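Q: Sequence plus predicted model, see below.
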Amino acid sequence: MKNLKNKVLLSILALAPFILSACGGEQTEEAATNADGDIIMTVGQQTAPNSKLPEGDSFSDNAYRRLVKEKLGIELESAFEANGEDYDRQVSLAIASGDIPDMMVVSRDDLQELVDNDLVADLTEVYEEFASDQIKEIYGSYDGTTLDAATIDDQLMAIPGTTNDFGPNMVWIRQDWVDQLDIKLDEDGNHAITLDELESTAKAFQERDPEGNGRTQGLAIANWLTSGDHGSSGYTATAITNSFGAYPKVYLQDDNNEVYYGSNTEEMKESLTYLNKLFKEGILDSQFGTRTYDDINAMMVNGELGIVPGPWHISDWGLVQAKTANPDAEFVPYAIENENGDGKVNAVNKSATGGFVVIRKGFEKPEALIEMLNVVFDDVANSKDMENEYPELYEYAQLAVDGSVKPFNIELFPNESEIFDAKEATQAAKGEISIEEISKFVIQNNARKIKDYLDNPSDSDPSDWAVHASRTLAVNDVMGSTREANILNEIKPIVIFQTLDSQQRSGAQVGKLEEEMFIKFVTGEESLNNFDKYVSDWNSQGGTVILDEMQEVVDERE
Amino acid sequence: MKEKFGIRQFTIYTIVILLTLSCLIPMLNVVSLSLSSSAAVAGNKVGLWPVDLTMAAYERIVNDTQFWRSFGISVFRVFASLILNLFMIVTLAYPLSKSKRFFHARGLFMSIILFAMLFNGGMIPTYLIIKNLGMINSIWSLILPGAVPIGSVILVMNFFRGVPKSLEESAWLDGANPWNILTKIYIPISLPSLATVSLFSIVGSWNDFMSGLIYMTKIENYPLMTYIQSLSVNIAETLQNSSGMSSEQLQSLLAVSDSNLNAAKIVVAIVPLLLIYPFLQKYFVHGIVVGAVKE
């Protein structure tokens, strides 16, 4: 189904140049203004189905738009509003019809299309001239890689959003069960456990059944088995494979700068052998491969699962369900020490880019975008007194209104800022610094929640626990302290923002091959002796072409 | 001649019952999901019967203004499409049901219609036409493109051909003009087939979500099915691609994927169709079969 949708989008894009050739030739025109003399700027507005906007506000009329109008004299008007894939379709339709809004967020592939057809404005100068120091500092923290992603022929053609993704990958373990069964975990206190500890804990949970429902599983993993990044590592075995030095689903470079695929390494074979052993011993769920995400999630909620692999924020959206169903359910995250016993923890660090904001070529006031960036990501984000300075946005924060309501649905934060933010929130919650002194409103909010939890752990709101678990336990304790203790072995995979032609052609096919074969390897349906055969199949079914094309891109960069 | 309830009968009944159940069970499941508590749904505990019976999801729907707005849009769309479709079908099918002797260019028109049935411009050209006609975000973009359902025209045309010629001839002799013949004879006699095509039209425009996605650029203009579609999130797929999403984004996506609430929305959305079916069903099978047989 997804494939089909992609094909539809692709065909739209393929058609675009032919239709576009009929248009064009417009130069800077006088921008339309409203009755008050404000410039009217049309935008492609991303939306969210569950926006939590207060009564009376909508995506067409909200606090951000009123703020932009008041501060910059720009009236934003939606050219279209949609969410997810529907938004992408509207963007494609707009490109195809040659009638794009003054501002919109697009993907890297769409950006290329727009630049090739000369539809978007060069932002190099306005960025240099208008961006505040704070904004430039944020981009600077990524060593320029983020801005590079939006730079085509030495011209900045879009303002990129930032995303970062860094580990280590973690497993969350039911601490109340650990205490109940008197299991010793992480005795050296470095927030990382060994594979043996993981295995014996899983075994103990399964055999001794602390919840007494008779259905406790040691370890359950979704059928996609691994993930290429930390953010989507929930319910996968990525943390385990990392401890073997295997980095599945990412492309890496070896010492000779040669590109290779992380799922096809000798280390991955070892990880699969280990998972196969767990499966045979019954520690890994005997229904692995057929149990769906919903099933595993339900097991977690029902107290049938004491070990859940997942990213730092899984407590906010996943584990909190278990905590709500059973207030005793206390998950605590741990990294996994390397299998070779060097005492280190392997992790993948991908700094990436999320969403590109473009300005239509010919729009009279391209600097409006930069000015809006300054307002949203500098003035508001760094306001010490939100409540009085931006009362409406303060209310939005209280209501947890979805971030897509901003004029452009991108985020802008310094690299690895999560660690700094979490540390600040934790210190403030513990009273080491004053909550009011914190410069960012979001961090203040988190600090208050953590404090509420710490003041009364046994009788607190599950969402307070979730913030405590994600910020304090996961980010501050595990991700922060492994960095401080210098036991983190971080590798940086190749990051390419556009879709390669070869990936377009055979990416899905080799991905499916990998997924199917890995399930068979783990369940023992296919012997691990055939791993090399799998690798050569992967190569011949299009993998080699992908590697070659990526090699070319990487070589070009240097 | 009464057949005994033998092994043959038994097999047939088993197959039919199994088929019926395979249609019924998923619906029952959705109904019980909608009546269960959110916790029971998240715990995957709901099967055919509701767990912790509650109307909470329905209470939330009552307060969802967009749901009712979209509901209204869909109802209007169904009625407007129905009237337009029936008018187009009848006025097109009647002349086409005449032989070449009365309607010389019948072959030409028939081939134009068949051509339009088999080929169309595709999504982008159609979008461009709608856009240039200024119908983006207008309810008419949901109604006009489907004004002539050619399959239904052919169905009704064949039905008209099945009407005995002598009826028309005697009307001629009594001085009726073609318009009288159509309204006084053909339409009353063809009610079964018209009921059938009405049902096609109603079900089709009620269930269609794609045109809403393409022609409506604002959620407030979405018809009901497009709105419900926009609420469905494939969590497993989302999680696999969730790098770069903040915890807040994931949280709000999971809140949207509230299967409990979505089940209730689906139930409310199928109620209107369930209400219409019994009234039209008796014509339904009859209509298709009769239209298929020619003299």
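A: Sure thing, it's come through.
Q: wait, does the biggest helix by length in chain A contact chain B?
A: In chain A, ranked by residue count with DSSP state H as the criterion, the top helix is helix A:501-523. No: applying C-beta under 8 Å from any C-beta of the partner chain, one finds helix A:501-523 separated from chain B by no less than 10.3 Å. Placement of C-beta: from N, CA and C, glycine included.
Q: same question, stretch A:305-316
A: Yes: using C-beta under 8 Å from any C-beta, a contact is recorded between stretch A:305-316 and chain B, made by A:312-313, A:316.
Q: neighbours of residue 200, just the number please.
A: I went with chain A, as the question did not name one. Using other C-beta atoms under 10 Å in any protein chain shown, residue A:200 has 16 neighbouring residues.
Q: that's the wrong chain, I wanted chain B
A: By the criterion of other C-beta under 10 Å, residue B:200 has 19 neighbours.
Q: Hmm, it is touching residue B:149, no?
A: Yes: using C-beta atoms under 8 Å as the test, residue B:200 is close enough to residue B:149 to be in contact (6.8 Å).
Q: coming back round to it: against which helices or strands is the longest helix of chain A packed?
A: Contacts defined by 3 or more C-beta pairs under 8 Å, 6 or more residues apart in numbering or on different chains; DSSP states H and E place helix A:501-523 against helix A:266-280, helix A:531-538, helix A:544-557.
Q: Report the distance from the last one to the chain centre.
A: Chain-centre distance of helix A:544-557: 25 Å, with C-alpha atoms, centre = their mean, to the nearest Å.
Q: Buried residues in it, which are they?
A: A:545-547, A:549-551, A:554 (16 or more other C-beta atoms under 10 Å in any protein chain shown).
Q: any chance of these in CSV, with pLDDT and distance to chain B too?
A: Supplementary listing: the buried residues of helix A:544-557 in CSV, determined by pLDDT from 0 to 100; distance: C-beta to the nearest C-beta, whole Å:
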residue, pLDDT, distance to chain B
A:545, 95, 23
A:546, 95, 19
A:547, 95, 22
A:549, 94, 22
A:550, 94, 18
A:551, 94, 23
A:554, 89, 20
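Q: so which of the residues of stretch A:305-316 next to chain B comes closest to residue A:105?
A: In terms of C-beta to C-beta, no member of the residues of stretch A:305-316 next to chain B lies closer to residue A:105 than residue A:313, at 22.3 Å.
Q: what about the closest one, distance to residue A:164?
A: 13 Å (C-beta to C-beta, to the nearest Å).
Q: Identify all contacting residues around stretch A:376-393.
A: The list of residues contacting stretch A:376-393 from outside it, by C-beta atoms under 8 Å, 6 or more residues apart in numbering or on different chains, reads A:63-64, A:66-67, A:132, A:134-135, A:138, A:394, A:397, A:406-407, A:412, A:439-442.
Q: Of the residues you listed, grab the buried ones for PyMOL.
A: Only the buried entries of the contacts of stretch A:376-393 go into this PyMOL selection, using 16+ other C-beta under 10 Å:
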select buried, chain A and resi 63+64+67+132+134+135+138+394+397+406+407+412+440+441
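Q: Give me the subset of the contacts of stretch A:376-393 that lies in helices.
A: Counting by DSSP H, the part of the contacts of stretch A:376-393 found in helices is A:63-64, A:66-67, A:134-135, A:138, A:394, A:397, A:441-442.
Q: one step back: pick out whichever of residue A:313 and residue A:164 has more residues nearby.
A: Each of residue A:313 and residue A:164 had its neighbours counted (other C-beta under 10 Å), and the higher figure belongs to residue A:313 (28 against 25).
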